[in-house]
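*Asks:* This is the structure alone, sequence omitted:
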């Protein structure tokens, strides 16, 4: 039974009094929130969940002439507006960061990005020691005794760092790191001499025996042998591995994989050193690499970094407008949510946040790619959109660069919440209101989950194969899987369809059935080991959708088995014979729309043809398998929506993807994101145009009341909602 049919049956049962369900289950689908929460479970993550920190942090940059009195005034203003902590401190000569951190602590501002996340665990013993046994956990978190105790913990941490510096003459270990690690080589296939030696050792550990390596490196295929033939021993491999055939792609994948693994090895060492000094403080990792970049080409594995943070801290991106949006033509709005969701969704069950993000207008600096002379208006409306998009993604807090401006040199006068005269701006006030709402509803934010209709599939090996292909062919190819993901999620966002990214680890952990629909965008290299999981998912009622050039190869670059009697054909009910291309020597059309990109030559066996190209060839096939369906879109449906404005292509994408499924909420004129929690649902409405009125419509949900979190004002459940021009609102609908 499909989603809509289940809803109708459920509705009839409710009317007849046969079924009684809480409001939050009305959608009729098990989103497996318990299993989601278990994905990165650990003592560290359990500590965070119990404390429920939602930092609203800023970077304080000390200006020349600012002494203790001025510093304290800054911190008092931050606290009054609603900010909770310092993301970072940049001090003048003659001042130490630790001195300023002690002042912040005295003024009630936690001097680190993690805010209460750096508290000691709230144990039963600590609760008893403080005499708080009769209180709820919500009351305990906010009780003056607990706050004062943890203040002492943090003061000791500052002094421990000062003692470390005095005794060693070195800065204390840093609690953060960037994603790209150049230790064993630069981007792409570049390896340092040390990296070359370590790569050989990595390959031996990975494959075990030389025969397995030769098979992995396709030495049994024609014209792919290394110079001198297949490798005869590990000594032979050590001497001439770099003479591999330039047409062989798996070794290119392995070089990228080795660099990612080595970077994670270095990260773990840094984390361990940090925690030797500060065992209760969380580490943060993942930032300083734009999320629209080709990560495999950088030798970076974001899901792998997230796994390390499971035991050690928090996973985060770096998001600055001039630095991290080049590959999407410097577009903001929906792309911020895409970025933040990518990070949040790769760390299911763990604490993610925007610990390095922008705070104000900017015009100079940034990457050398993208547009020239680019600048951004970043005032109150833009900061509403920015901070609320991060919260909507599932982030539990953020750290803004910055509170005050740099006063000279690079980035002078940019990025800040304060103006150039050190005055509080309207954007600072608006963000402060959001920060106050974050603290008021911190428990609800920690209990909240997305409830995605579409799972957007991501696989590092697919990214790596595109990257290997790009090194032989065109650099642009390494961006193709990102463009497909952006196009797919754009089409979903523009119709208020909730989605979530998922990866092979999620599937192997049994999370597939969380998603009514799973879409494989631009998966040129499909992992054969996942076919049984996908088959089981479809048979149980899921809808699996794949577009082009899907399943061209496996993750070893060998041609994927897609013929008659293959697992692929049994799953999709279609033989995928080969691929053509539209847009150069021949144009292909679908419903009169010209297509650009890969075209699948589809030979349906048991599948239905639900759309044909204008030349009569099958364009889309749908196979009923068990309780579910498997769909092939024979063109690059997702990537065609990469740029904004392709409304016809987006509509086609949704039609073929959604089938009978419909979104449970929608609004004409606004982008809407939703987080569901047991007591209330949180909706985030973004306006990409001028001031307007919109309505928020619900197909399956019922609420008792609604209010604006930032202002506290009541909102009519079925009335018009005012949206500020280019801004956003955070509405709480109580159950």
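*Replies:* Done, it's in. Since the structure is predicted, the reported quantities are computational estimates derived from the model, not experimental observations.
*Asks:* ok, now which ones touch residue 382?
*Replies:* Shown in contact with residue 382 (C-beta atoms under 8 Å, 6 or more residues apart in numbering): 332, 376, 427, 726-727. Any C-beta I mention is one placed from the backbone N, CA and C, and that applies to glycine too.
*Asks:* Narrow these to those in helices?
*Replies:* residue 427 (DSSP state H).
*Asks:* For the stretch 451-600 of the chain, just list every one of the strands.
*Replies:* Per DSSP state E, counting those that start in this stretch, the stretch 451-600 of the chain carries strands over the ranges 454-457, 499-502, 517-520, 543-546, 574-582, 588-590, 593-595, 597-604.
*Asks:* repeat for the stretch 51-200 of the chain
*Replies:* 56-61, 85-90, 176-178.
*Asks:* which of the ones you listed is buried the deepest?
*Replies:* Highest mean neighbour count of those: strand 56-61, a mean of 26 (counted as mean count of other C-beta atoms under 10 Å).
*Asks:* Give me the distance from it to the chain's centre.
*Replies:* 23 Å (C-alpha atoms, centre = their mean, to the nearest Å).
*Asks:* Paired strands for that strand, with orientation please.
*Replies:* Here strand 56-61 has these sheet partners by DSSP bridges: strand 85-90 (parallel), strand 398-401 (parallel).
*Asks:* Now tell me what touches it from outside.
*Replies:* Against strand 56-61 from outside (C-beta under 8 Å, 6+ apart): 71, 74-75, 78, 82-90, 100, 104, 113, 115, 355, 359, 397-407, 416-417, 431-432, 434-435, 438-439.
*Asks:* tell me the mean pLDDT for it?
*Replies:* For strand 56-61, mean pLDDT rounds to 98.
*Asks:* what's the answer for stretch 68-87, then?
*Replies:* Mean predicted lDDT for stretch 68-87 stands at 98.
*Asks:* Now do residue 220 against residue 678, distance only.
*Replies:* 56 Å (C-beta to C-beta, to the nearest Å).
*Asks:* Just want to know which of the two has more residues nearby.
*Replies:* residue 678 (14 against 11; other C-beta atoms under 10 Å).
*Asks:* ok so that one is a helix residue?
*Replies:* No. Under DSSP: H, G, I helix; E, B strand; the rest coil, residue 678 falls outside any helix and is assigned coil.
*Asks:* I figured it was touching residue 449, is that so?
*Replies:* No. With contact defined as C-beta atoms under 8 Å, residue 678 and residue 449 do not form a contacting pair (9.9 Å).
*Asks:* Can you tell me the SS state at residue 432?
*Replies:* Classified using three-state DSSP, residue 432 is helix.
*Asks:* neighbours around it, how many?
*Replies:* 21.
*Asks:* I figured it hits residue 83, correct?
*Replies:* Yes. In terms of C-beta under 8 Å, residue 432 counts as a neighbour of residue 83; the distance is 6.3 Å.
*Asks:* and the biggest helix by length in the chain, average pLDDT?
*Replies:* The longest helix of the chain (DSSP H) is helix 250-277. Averaged across helix 250-277, the pLDDT comes to 96.
*Asks:* List the buried residues for that helix?
*Replies:* For helix 250-277, a neighbour-count test (16 or more other C-beta atoms under 10 Å) marks 250-264, 267, 270-271, 274-275 as buried.
*Asks:* how far does that helix sit from the chain's center?
*Replies:* Using C-alpha atoms, centre = their mean, the offset of helix 250-277 from its chain centre is 20 Å.
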